[in-house]
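**Q** Okay, here's the prediction I keep looking at, along with the sequence it came from:
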Amino acid sequence: VQLQASGGGLVQAGGSLRLSCAASGRTFSGYHMGWFRQAPGKEREFVARITWSGGVTYYADSAKGRFTISRDITKITVYLQMNSLKPEDTAVYYCATGAIVKGYEFWGQGTLVTVSS
């Protein structure tokens, strides 16, 4: 399994970014796809996830109402639309996947999001 994350960059507070995670290497039925982030000096934290088959979503409290996770089955890509960005959203964002019953087995490289005040 390979995951390729992209879409990070520098944005002003209040702005938006859309991250993408292109997946390959197997079929993902029964898998979930997640986004995590790690800010400097902090532990990695969960942001959002989506089940590949049913598109069921779940968000961390910090993401609710501002971020939207979605997937494009034909492109085998998961997106994270981030709106109303805050400086505290600055972090390296990672996508990950795994069988729902096993957690996150595979990780992509990170993409850096920097939100300036």
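**A** Good, I have the coordinates.
**Q** all contacts plus neighbour counts: C-alpha atoms, from now on.
**A** OK.
**Q** mind listing what Arg49 touches?
**A** 32-35, 57-59, 69 (Cα atoms under 8 Å, 6 or more residues apart in numbering).
**Q** Sitting in strands, which of those residues do you find?
**A** Taking DSSP state E, the ones among the contacts of Arg49 that sit in strands are 32-35, 57-59, 69.
**Q** circling back to that earlier point, ranking the contacts of Arg49 by neighbours, who comes first?
**A** Neighbour tally across the contacts of Arg49 (other Cα atoms under 10 Å): the maximum, 30 neighbours, falls on Met33.
**Q** ok, and the closest non-adjacent residue to it?
**A** Thr97 (4.5 Å; Cα to Cα, 6 or more residues apart in numbering).
**Q** Roughly how far does the residue nearest the centre of the chain sit from Ser117?
**A** Geometric centre of the chain, nearest residue: Trp35, 2.7 Å, by Cα atoms, centre = their mean. Here Trp35 is placed at a distance of 23 Å from Ser117 (Cα to Cα, to the nearest Å).
**Q** Please apply the same query to Ser29.
**A** Taking Cα to Cα, one finds Ser29 at 40 Å from Ser117.
**Q** Show me the strands in the protein, by range?
**A** Under DSSP E, the chain gives strands at 2-6, 9-12, 17-24, 31-38, 45-51, 57-59, 67-72, 77-82, 91-99, 106-107, 111-116.
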